[in-house]
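**Student:** coords please:
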Amino acid sequence: MKRVVWTGTGRLEVSNDGDTRGAGCEGNEVRIRVTAAGFCATDVHIIRGQVRFVDPPLVLGHEIAGVVEECGEAVSRLSPGDRVKCDSVIGCGICGWCAQGATQFCKQAVELGITCDGGWAEWLVVPERALYRLPDALPDEVAAILDVEVYGALSKPGVCPGDTVVIFGPGPAGLIALQLARIMGATTVILCGTRKVRLQLGQRLGADYIVNVTERDPIALVRQVTGGKGADLAFEAAGSEAACLEVLQVLRPQGKAVFYGVHGRPLSRFPIDQVVLKDLNLYGALSNRTGWNEIFSWVLQGKLDLQSLITRTLPLDQASLAYELLNDPREEEVKIVFSMG
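**Tutor:** Numbering: from 1, shown residues only. From the prediction side, this is the model:
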């Protein structure tokens, strides 16, 4: 089996030991042939050594689509040949957390490509409960990067009709968040960041205003746009201390802040008095793994454009090139997907 293994800081290795699919599936297990796998910013952070959930070696890849090849005797929903999306977070399926869809907090949970071997490989065996049958019209590359995380993060505070929403960070998560905010009822969406090409893509995807924070003060713009009131909701997907501080400043009293970016280190300062005196509502982003049908529907309806986020597809054995491109701020890649056919 061909696979890409993270072997240490800055290192990826491609290995191939032939057609070794391992033992057959048992019980509720399903073997899928991976057809597409995304290269996420989290993968970049792991390879860089900025965050570490387990020690290497590890097969990365938590954004996965594939085709069912084999089913265990207890599998009831799927059959060989079905195209599927794989949820990377897999819980025990029976505890209270799993029952409410919060598999991310299951004590026995694993996350493919994060805490156990993932989808940068030709085959993968997972429980049936982690798989969702794909509509025929949904391409494998789009299905691979489709996820419920951003939707879950926005659903907790909620977006109300007429809201002004400010998004910091025009990476894939921020570009998805701006589209979802519009779908959920926001009247005005402001996208802030430093990467010009990504900001321009955000404008094409529905942002009313784009702000290059190296050239313009986002706080002043938000005040201007809202008549001095402030934003109703701010979404931090930049993973920077500066963005976290600006989130608190752009919000109106009793506004809502969603912190989505992973920093890998504590903030050196956090103005807690702003939170207290403005009565702000703060939300983390490790949300319940629910909402798949809504996301499928919005993509098929053209309301949520994921295809435009994919700036390059590469074969799996060019993983090192993909890392170089995504790791270089001079490059304008947004999302790279491994296409494995």
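**Student:** check this protein for its longest strand and report it.
**Tutor:** The longest strand of the chain (DSSP state E) is strand 29-39.
**Student:** I'd like the average pLDDT over it.
**Tutor:** Across strand 29-39, the average pLDDT comes to 98.
**Student:** phi, psi for the closest residue in space to Ala109 that isn't next to it in sequence please.
**Tutor:** Excluding the flanking residues, the one nearest Ala109 by Cβ to Cβ, 6 or more residues apart in numbering is Gly91, at 4.4 Å. No exception for glycine: its C-beta is placed from N, CA and C like everyone else's. Here is the backbone geometry of Gly91 (degrees, to the nearest 10): phi -100, psi -170.
**Student:** picking up where we left off before, next SSE downstream of the longest strand of the chain?
**Tutor:** helix 41-48 (DSSP states H and E).
**Student:** which neighbouring elements make contact with that following helix?
**Tutor:** helix 319-327 (3 or more Cβ pairs under 8 Å, 6 or more residues apart in numbering; DSSP states H and E).
**Student:** quick one, the helix it packs on and helix 41-48 angle?
**Tutor:** Angle of helix 319-327 versus helix 41-48, following axes from the mean of the first three to the mean of the last three Cα atoms, to 10 degrees, is 110 degrees.
**Student:** just the CA coordinates of helix 319-327, formatted as CSV?
**Tutor:** This file holds the C-alpha atoms of helix 319-327, laid out as CSV (Å, rounded to 0.1, in the frame of the first residue of the first chain):
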residue,chain,number,x,y,z
ALA,A,319,3.1,15.2,-0.8
SER,A,320,6.4,16.9,-0.2
LEU,A,321,5.7,19.4,-3.0
ALA,A,322,2.3,20.0,-1.6
TYR,A,323,3.8,20.8,1.8
GLU,A,324,6.4,23.2,0.2
LEU,A,325,3.6,25.1,-1.6
LEU,A,326,1.3,25.4,1.5
ASN,A,327,4.2,26.2,3.8
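**Student:** what residues sit buried inside it?
**Tutor:** Within helix 319-327, the residues that count as buried by 16 or more other Cβ atoms under 10 Å are Ala319, Ala322, Tyr323, Leu325, Leu326.
**Student:** and Asp82, how far from Asn28?
**Tutor:** Computed as Cβ to Cβ, to the nearest Å, the Asp82 to Asn28 distance reads 15 Å.
**Student:** kindly report the same for Ser79.
**Tutor:** 14 Å.
**Student:** neighbour count for these two, which is higher?
**Tutor:** Neighbours per residue (other Cβ atoms under 10 Å) separate Ser79 from Asn28, with Asn28 holding more: 18 against 11.
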